[in-house]
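Chemist: can you look at this prediction? I've put the sequence above it.
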Amino acid sequence: MPEQLSQSQIDALLKKMASGEENVQEEKRKIREYDFKSPKKFTKEQFKALDSLHETFARMLSSYFSGLLRTVCEIEVMELEEQRYYEYNNALPDTALIGLVDVLPANKHYDNTTMILDLSTTVGFYLIDRVLGGPGTGYNLNRDYTDIEISILSNVFEKVTQRLEETWQNNLPIAIQSREIQTNARLLQVFAPEDVVVIVILRVKLGGRVEGNLTLCIPAEFLEQVNHTFGLRYARPSKKQDPHREQAKKRIILENVCESDMDIRVIFDQLQLELREIMQLQPDDVIPLGKKVGSDVLVTVGKIPWFTAKLGQTKKKKAIRLNDIVTNGEEVVQWEKIEASS
């Protein structure tokens, strides 16, 4: 079609439009709402820097929870939001688990501030059950926390705060301290209702059965003071590590590991006796075992099965000769029995 229409073509087109033969398609424009009363303070690039920062925090926290609870833990950053404090506070449930965290920058040019850590109550009750030796089934509870439970969770929040401090110290010399735990969101008055805050939402999955959120509320006024440190940190290209220095670090780590003491045990067999029989045992008593003397024994290092071996003697001393590395399922089952009995 030519770029310019002739007069006859224009008349024909107008005639078709008037008769309804030609449909007129209106151009649809994408309209994005913008609230001028609460303008956005941060750009997408600054949010990306914060997202990367708290991805590191999520990985460190996941390792801590996995070691504490002896179960699989997955934590990931879901989203970052910028909103008024009253919107965040109104969204909190009546019964909550909220930790107040004091932020103390080493640089006097930055003001001290407070952050809020909100943990889902289901995750909180699951932590308590697992820490006290339970199976982790009593987490769907609709009640307030007891003083003992608050004391346990205070210790957990201190460890979480330490991980948060280590993460932020990669960009800013800062000290972060856990102050107290609140359970009533309606009595929480940390910021003015109209203050702008940034909400970091992390999804927590524990043991494959419990899911909840850990939200971090950061005042925008503080982020405006320190956001340039994140920009510089993530704008620079990553330095290439010196291979000689990296090799030296690995050698030092390996040497320290090799000097560590490990508990090595040799387990011949196991059996179960009633307490009455154990109390009646005397020196020189013989306990029959269901295993031949020449059978393989299990060698554990730090209570973890590593080798199978044969019993023997050398220079009038008891000894073992290592046979194989523990790999098959039968020996793993045997190890689980050993751990349960110990």
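Modeler: In hand now; what should we look at?

Chemist: which residues of the stretch 201-342 of the chain score low on pLDDT?
Modeler: 230-241, 327-342 (pLDDT under 70).

Chemist: now do the helices in it.
Modeler: Counting by DSSP state H, counting those that start in this stretch, residue ranges of the helices within the stretch 201-342 of the chain are 220-235, 243-258, 275-279, 329-341.

Chemist: can you give me the buried ones in stretch 293-308?
Modeler: By neighbour count with 16 or more other CB atoms under 10 Å, stretch 293-308 contains the buried residues 296-300, 305-308. In this view, the C-beta of every residue, glycine as well, is placed from N, C-alpha and C.

Chemist: what does stretch 71-78 give?
Modeler: Applying 16+ other CB under 10 Å to stretch 71-78 flags 71, 73, 75, 77 as buried.

Chemist: my read: the third one touches residue 65, true?
Modeler: To tie it back to what came earlier, the one meant is residue 75. Yes: between residue 75 and residue 65 there is a contact under CB atoms under 8 Å: 7.4 Å.

Chemist: which residues are common contacts for those two?
Modeler: Contact criterion CB atoms under 8 Å, 6 or more residues apart in numbering; residues bridging residue 75 and residue 65 by contacting each: residue 204.

Chemist: need the three-state assignment for residue 103.
Modeler: Look at residue 103: counting by DSSP: H, G, I helix; E, B strand; the rest coil, its state is strand.

Chemist: ok, now which ones touch it?
Modeler: With contacts defined as CB under 8 Å, 6+ apart, residue 103 is in contact with 112-115, 174-176, 222.

Chemist: bridging residues for it?
Modeler: Beta-bridge pairing of residue 103 under DSSP bridges involves residue 113, residue 176.

Chemist: now it: how far from residue 119?
Modeler: Distance, residue 103 to residue 119, by CB to CB, to the nearest Å: 18 Å.

Chemist: likewise for residue 293?
Modeler: Distance, residue 293 to residue 119, using CB to CB: 56 Å.

Chemist: ok, so what distance separates the residue lying closest to residue 222 once chain neighbours are set aside from residue 221?
Modeler: Residue nearest to residue 222 in three dimensions, not counting chain neighbours: residue 113, with 4.3 Å by CB to CB, 6 or more residues apart in numbering. To residue 221, residue 113 is 8 Å away according to CB to CB.

Chemist: more crowded one of those two?
Modeler: residue 113 (19 against 14; other CB atoms under 10 Å).

Chemist: domain ranges for this structure, per the record?
Modeler: Annotated domains of the chain cover 44-237, 264-341 [automatic domain parsing].

Chemist: which residues does the residue nearest to residue 73 when sequence neighbours are not counted contact?
Modeler: Closest residue to residue 73 apart from its sequence neighbours, by CB to CB, 6+ apart: residue 65 at 4.0 Å. Shown in contact with residue 65 (CB under 8 Å, 6+ apart): 73, 75, 204, 206.

Chemist: hang on, isn't residue 166 packed against residue 59?
Modeler: No: counting by CB under 8 Å, residue 59 is not a contact partner of residue 166; they are 11.3 Å apart.

Chemist: and residue 98, that's in a strand?
Modeler: Yes: assessed by three-state DSSP, residue 98 belongs to a strand.

Chemist: and the nearest residue to it once chain neighbours are set aside, which helix or strand is it part of?
Modeler: Among residues not flanking residue 98 along the chain, residue 182 sits closest, at 4.5 Å (CB to CB, 6+ apart). Per DSSP states H and E: residue 182 is located in strand 174-184.
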